[in-house]
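1. build me a model:
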Amino acid sequence: MNPTVLIAVPLLPLLAAVIAGLGGRLIGRAGAHTVTCAAVAISCGLSLLVLKQIYWDGVPAYDAPVYTWLISDGMHMEVGFLIDRLTALMMAVVTFVSLCVHVYTIGYMSDDPGYTRFFSYISLFTFSMLMLVMANNFMQLFFGWEAVGLVSYLLIGFWYTRPSAIFANLKAFIVNRIGDFGFVLGIAGIAYFTDSLAYRDAFAAAPQIAHALIPMSSTSAAGALTLICVCLFIGAMGKSAQVPLHVWLPDSMEGPTPISALIHAATMVTAGIFMVARMSPLFEYSDAALSFVLVIGATTAFFMGLLGVVNNDIKRVIAYSTLSQLGYMTVALGVSAYGAAIFHLMTHAFFKALLFLAAGSVIIALHHEQDMRRMGGLAKYMPITAVTCWIGALALVGTPLFSGFYSKDAIIEAVGQSHRWGAAYAYWCVLCGVFVTALYTFRMLFLTFHGPERFRAAAGPHASHDGGPAADGRAQGGHGGTPRESPVVVTGPLIALAIPSTLIGAVTVGPVLFGDYFGPSIFVLTRNNVIGTLAADFGGPLQFALHGLAAPPFWLALTGALTAWACFLWRPMWADTAVRSFGWLYRTLTHKYYFDWFNERILAALTRLIGVGLWRGGDEVLIDGAMVNGSAATVGWAGSLLRRVQSGYLYSYAFWMMIGLAVLLGWFLAHARY
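-> Numbering: from 1, shown residues only. Here you go, the predicted model:
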């Protein structure tokens with residue numbers, strides 16, 4: 001495998017980001033989108049070439065340093081690449097979805113004054129994610145990890161004149177720092193036990209670390225590998241938005257729609273899932289850590305999906321579906337079905353990007369309106385957007401033959417096969433989550449594209465929620481006029497994403513999920529190989545889909561779709577009746593289980609109290625008072641005494657000399673007796 005090609009894959013988007021960011025005024029808008037789109041397109045082509053070489057041509061995996069940055073006490077800190085089948089798949093997904101988002105942005109951000117800056121940011125985002133997935137050591141992994149966090153901060157707060165955007169990007173930044181604290185501790189644990197940051201050394205030492213203990217108190221100790229894996233997963237909880245570190249992801253909708261698609265589909269939130277799959281040689285030796293992963297993922301999958309049912313913002317509904325689907329991926333990791341998690345990550349990237357970009361197309365047509373209660377009947381005005389959005393929705397709910405069905409149903413069956421602690425709880429969560437997913441997804445479809453045309457009654461001054469002229473305060477206003485289909489620069493990426501959202505699951509389920517595609521890229525102990533058990537009954541994609549028609553998930557999804565149709569199209573008053581009947585539940589869901597209230601009112605207040613206490617008691621009293629001001633006062637007091645001795649009179653000095661001589665003589669005579 002040619003190292004030059006591998007280096008070019010991440011560096012081309014980086015170079016384009018620098019050109020668009022620093023030279024945007026020289027090359028103009030057209031130059032900015034041309035340079036960045038071309039760079040990402042070439043990177044995508046090279047990634048597909050790497051995938052072809054690694055899978056079809058049988059080229060062996062590449063694991064080598066590019067250069068050594070630092071050697072400290074024998075520990076090598078390097079920039080290097082590990083290109084195996086797992087990495088090649090991630091590279092192809094990241095660059096393809098990023099390319100679609102880049103092209104889509106040309107139309108969506110056409111009137112924004114920060115046009116060139118936005119293209120620079122999203123190209124830099126692509127570079128950061130590629131560095132993360134291509135890393136062969138923990139130092140580079142951490143660099144990519146923090147880089148995607150930094151760029152997401154810049155993109156969520158892209159419209160920095162809006163207080164809500166600044167609040168959202170600070171929230172994302174702070175919550176991810178909490179997760180990153182655990183992540184750093186996990187990496188430190190690896191370095192402590194292996195004296196290395198290279199993946200290969202950590203993976204080789206995993207069986208030995210599994211027998212090591214870390215003292216927790218004078219009478220108890222914990223498994224070293226369990227603590228390391230839990231710390232690493234806490235980092236994944238922040239990046240991949242798992243309970244309770246999920247609170248930043250819905251608020252990330254304050255950024256423009258293209259970046260919502262990029263964050264949710266192919267970059268930041270998938271980093272945690274990829275990291276745990278990459279670390280499978282470590283996690284496999286800790287059942288306790290995997291059970292922790294399993295329970296957290298199951299809780300996220302079900303309870304975060306419920307929040308999408310009561311939300312009226314079209315982008316936030318899709319954001320809550322991302323939270324739920326990330327929970328499904330995490331559940332797969334928890335039952336050692338790493339291949340199923342990555343397979344769902346791949347299919348989800350396509351249909352989730354499609355759903356976000358379709359939502360953006362609707363938002364453009366309605367002059368940046370995001371409230372689904374002010375939409376309705378858009379299908380006849382925007383047929384391409386409606387059809388592609390339906391395709392993404394059918395894939396999301398797991399309709400047989402669509403891509404999401406193969407990955408989602410495989411996860412549910414894998415959980416059903418697992419005997420790990422927490423698997424029973426997880427199975428009911430992911431199974432009930434199917435009904436919830438169908439309910440909020442079809443509610444979104446019916447309220448947006450079908451039913452009465454509520455957007456006409458909504459015409460008038462409404463505060464915009466998302467971007468464009470209204471968002472930056474240049475042209476507030478209502479809908480006005482009849483909605484029109486978006487231009488080809490917007491609908492083109494929708495069609496490009498609709499194709500894999502429909503077909504890629506059936507085409508790849510055999511080799512990627514039930515075949516030997518991943519090979520040694522993913523390590524699973526024989527006793528944990530639930531996917532191997534399912535593979536014995538796999539008879540092809542068609543047979544898998546036919547079997548799915550008789551399985552509980554399909555009927556639960558159908559029930560959810562019919563419930564949405566009945567409550568939001570046929571008898572809308574039923575939804576109002578349900579809200580009145582279950583007011584306590586509705587309030588709990590609309591307040592998002594009070595996580596934000598607890599974080600902002602209780603946790604933040606407690607943190608401020610601790611900070612003020614440390615400032616008053618530690619800084620002002622101890623440091624400034626005792627150490628700084630106190631030592632200065634002591635020196636001043638001692639100096640004032642010495643000044644009295646230094647009078648300048650000769651008789652005074654002679655007097656003190658005689659006193660000193662008498663003291664010395666007395667001390668000598670006292671000791672001379674003995």
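
2. C-alpha from now on. contacts and neighbour counts both.
-> Fine.

3. list of residues touching the helix or strand containing residue 63?
-> Following DSSP states H and E, one finds residue 63 within strand 62-72. The contact list for strand 62-72, computed with CA atoms under 8 Å, 6 or more residues apart in numbering, reads 1, 76, 77, 78, 79, 80, 81, 82, 83, 84, 136.

4. in JSON lines, list those along with secondary structure and distance to residue 352.
-> Formatted as JSON lines, the entries for those read as follows, by DSSP: H, G, I helix; E, B strand; the rest coil; distance: CA to CA, whole Å:
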{"residue": "1", "secondary structure": "coil", "distance to residue 352": "32"}
{"residue": "76", "secondary structure": "strand", "distance to residue 352": "39"}
{"residue": "77", "secondary structure": "strand", "distance to residue 352": "36"}
{"residue": "78", "secondary structure": "strand", "distance to residue 352": "35"}
{"residue": "79", "secondary structure": "strand", "distance to residue 352": "32"}
{"residue": "80", "secondary structure": "strand", "distance to residue 352": "31"}
{"residue": "81", "secondary structure": "strand", "distance to residue 352": "28"}
{"residue": "82", "secondary structure": "strand", "distance to residue 352": "27"}
{"residue": "83", "secondary structure": "strand", "distance to residue 352": "26"}
{"residue": "84", "secondary structure": "coil", "distance to residue 352": "25"}
{"residue": "136", "secondary structure": "coil", "distance to residue 352": "28"}
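
5. can you pull out the strands in this structure?
-> Under the criterion DSSP state E, the chain carries strands at the ranges 62-72, 75-83, 213-215, 221-223.

6. out of the ones you listed, which gets nearest to residue 20?
-> With distances scored as CA to CA, the stretch of those nearest to residue 20 is strand 75-83 (25.2 Å).

7. also compute the angle for the closest one relative to strand 62-72, please.
-> If you take axes from the mean of the first three to the mean of the last three CA atoms, to 10 degrees, strand 75-83 sits at 160 degrees to strand 62-72.

8. same for strand 75-83, what does it pack against?
-> Of the remaining helices and strands, those touching strand 75-83 by 3 or more CA pairs under 8 Å, 6 or more residues apart in numbering; DSSP states H and E are strand 62-72, helix 115-134, helix 138-156.

9. for that strand, the distance to its chain's centre please.
-> Centroid separation for strand 75-83 versus its chain: 23 Å, with CA atoms, centre = their mean, to the nearest Å.

10. same check, this time on stretch 91-108
-> For stretch 91-108, the distance between its averaged C-alpha position and the chain's averaged C-alpha position is 18 Å (CA atoms, centre = their mean).

11. thinking again about what came up before, looking at the strands of the chain, which is buried most?
-> Mean neighbour count, computed with mean count of other CA atoms under 10 Å, is highest for strand 75-83 among the strands of the chain, reaching a mean of 21.

12. hmm, who's touching that strand?
-> Outside of strand 75-83, the residues within contact range by CA under 8 Å, 6+ apart are 6, 61-71, 134-137, 139-140, 195-197.

13. got the CA positions of it in PDB?
-> Backbone C-alpha positions of strand 75-83 (Å, rounded to 0.1, in the frame of the first residue of the first chain) are rendered in PDB as follows:
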ATOM      1  CA  MET A  75       8.100   6.100  24.900                       C
ATOM      2  CA  HIS A  76       7.700   6.900  21.200                       C
ATOM      3  CA  MET A  77       5.100   9.500  20.300                       C
ATOM      4  CA  GLU A  78       4.400   9.100  16.600                       C
ATOM      5  CA  VAL A  79       2.100  10.000  13.800                       C
ATOM      6  CA  GLY A  80       1.300   6.700  12.100                       C
ATOM      7  CA  PHE A  81      -1.400   4.900  10.200                       C
ATOM      8  CA  LEU A  82      -3.200   1.600  10.800                       C
ATOM      9  CA  ILE A  83      -5.100   0.800   7.600                       C
END
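
14. for it, what does the pLDDT average out to?
-> Average pLDDT, strand 75-83: 90.

15. and for stretch 146-159?
-> The predicted model assigns stretch 146-159 a mean pLDDT of 92.

16. same question for stretch 489-505.
-> For stretch 489-505, the per-residue pLDDT averages 93.

17. now do that stretch: distance to the chain's middle.
-> For stretch 489-505, the gap between its own C-alpha mean and the chain's C-alpha mean amounts to 23 Å (CA atoms, centre = their mean).

18. who touches it?
-> The set of residues external to stretch 489-505 that reach it, using CA under 8 Å, 6+ apart, is 97, 100-101, 103-108, 347, 350-351, 353-354, 357-358, 361, 384-385, 388, 391-392, 395, 401-407.

19. do that again at 6 Å, thanks
-> The contact list for stretch 489-505, computed with CA atoms under 6 Å, 6 or more residues apart in numbering, reads 100, 104, 107, 350, 351, 354, 388, 402, 403, 406.

20. now the residues you listed in CSV, with neighbour count, distance to residue 540 and pLDDT?
-> Listed next are the contacts of stretch 489-505 as CSV, based on neighbours: other CA atoms under 10 Å; distance: CA to CA, whole Å; pLDDT from 0 to 100:
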residue, neighbour count, distance to residue 540, pLDDT
100, 28, 30, 92
104, 24, 35, 91
107, 17, 40, 88
350, 30, 22, 93
351, 30, 22, 93
354, 32, 26, 94
388, 25, 26, 95
402, 26, 14, 95
403, 33, 14, 94
406, 29, 11, 94
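
21. and the residues you listed, which two are the farthest apart?
-> Taking every pair in the contacts of stretch 489-505 and measuring CA to CA, the maximum separation is 32.8 Å, between 107 and 406.

22. could you give the separation of stretch 437-451 from the chain centroid?
-> 26 Å.

23. actually stretch 142-161, not the one I wrote
-> So, by CA atoms, centre = their mean, the centroid of stretch 142-161 is 11 Å from its chain's centroid.

24. buried residues of it, list them for me.
-> By 16 or more other CA atoms under 10 Å, the buried positions in stretch 142-161 come out as 142-160.

25. pairing partners for the strand holding residue 63, with directions?
-> Based on DSSP bridges, the strands next to strand 62-72 in the sheet, each with its direction, are strand 75-83 (antiparallel).

26. just give the nearest non-adjacent residue to the residue nearest the centre of the chain, would you?
-> What sits nearest the mean C-alpha location of the chain, by CA atoms, centre = their mean, is residue 269, with 2.3 Å. Nearest non-adjacent residue to residue 269, counting by CA to CA, 6 or more residues apart in numbering: residue 240, 4.2 Å away.

27. for the one you found, the count of nearby residues, please.
-> The number of residues packed around residue 240, counting by other CA atoms under 10 Å, is 30.

28. and the spatially closest residue to residue 360 that is not a sequence neighbour, how far is that from residue 111?
-> Counting by CA to CA, 6+ apart, residue 257 is the residue found nearest to residue 360 once chain neighbours are left out, at 5.7 Å. Residue 257 sits at a distance of 14 Å from residue 111 (criterion: CA to CA, to the nearest Å).

29. the more surrounded of those two?
-> Between residue 257 and residue 111, counted using other CA under 10 Å, residue 257 has the larger neighbour count: 28 against 12.

30. pLDDT-wise, which helix or strand of the protein ranks last?
-> In the chain, no helix or strand scores lower on mean pLDDT, DSSP states H and E than helix 468-471, which sits at a mean of 39.

31. picking up where we left off before, now do the strand holding residue 63 against helix 115-134, angle only.
-> Angular relation of strand 62-72 and helix 115-134 on a 0 to 180 degree scale: 100 degrees, by the same axes, to 10 degrees.

32. report the rounded mean pLDDT for strand 62-72.
-> Model confidence over strand 62-72 averages 89 on the pLDDT scale.

33. return it as CSV; C-alpha atoms alone will do.
-> Taking Å, rounded to 0.1, in the frame of the first residue of the first chain, the C-alpha atoms of strand 62-72 are listed here in CSV:
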residue,chain,number,x,y,z
TYR,A,62,-0.7,-1.3,6.7
ASP,A,63,0.7,-0.4,10.2
ALA,A,64,3.6,1.9,10.3
PRO,A,65,4.7,5.3,11.6
VAL,A,66,4.8,8.4,9.3
TYR,A,67,7.2,10.2,11.5
THR,A,68,8.3,10.3,15.2
TRP,A,69,7.3,13.4,17.0
LEU,A,70,8.9,12.8,20.3
ILE,A,71,10.7,10.2,22.3
SER,A,72,10.4,10.6,26.1
